[in-house]
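> how would this look folded up:
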Amino acid sequence: MNLSSILSVDDHRKKMKRVGRGPGSGHGKTSGKGNKGQKARSGKGARIRPGFEGGQMPLYRRLPKRGFVNERKDQWTLINLDQLSAFEKGDCVSPEILKEKGFAKNIKDGIKLLGRGDLKFPLTIQVHAVSSSARAKVEKAKGKVEIIPF
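A predicted model of the protein is given here:
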């Protein structure tokens, strides 16, 4: 490395393309936009909206529409019993603690306890919903499940 290989601040700047400055620039006359037509125009009227296919019936209108997606549907955060092995015997497990420990990202739509795995020690678990198999396994381990409101 020597001083001649170091680039100056000006060399690092990206050169702006100067269009419409004569034929010698290589971007003169039509300024790189070709000849006439909608794409050569400037302003709001020349905007081509996404999905426009030149007047042909666009793909999103040609395909059949089916079904319904409820955007306001609750997205339960699902917690299984085998995930609760990270807690100590006799702990109280609440949605806030689950979020703090990284088991649940979003608790506003509710947390549901599911029965995958086994619980080896008693815990007090506060959730918004619980499956019947999970409730049976928690009670078998002498634990307690509390249903809390949203």
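> what's the pLDDT at E100?
Looking at E100, its pLDDT reads 91.
> now do the one 3 residues further on
Taken from the predicted model, the pLDDT recorded for F103 is 89.
> contacts only, for it.
Applying Cβ atoms under 8 Å, 6 or more residues apart in numbering to F103 gives the contacts I79, Q83, A86. C-beta: built from backbone N, CA, C; applies to glycine.
> for the first one, give me the pLDDT.
If I follow you right, that is I79. For I79, the model assigns a pLDDT of 93.
> cool, and S31?
The predicted structure scores S31 at 89 on the pLDDT scale.
> how about the nearest residue to it, chain neighbours excluded?
V19 (3.8 Å; Cβ to Cβ, 6 or more residues apart in numbering).
> and that neighbour, that one's in a helix?
No - counting by DSSP: H, G, I helix; E, B strand; the rest coil, V19 is not found in a helix; it is coil.
> could I get the full set of strands for the chain?
77-80, 92-93, 111-114, 124-127, 129-130, 144-147 (DSSP state E).
> counting contacts, what elements does the third one pack onto?
Secondary-structure packing of strand 111-114 (3 or more Cβ pairs under 8 Å, 6 or more residues apart in numbering; DSSP states H and E): strand 77-80, strand 124-127, strand 129-130, helix 132-140.
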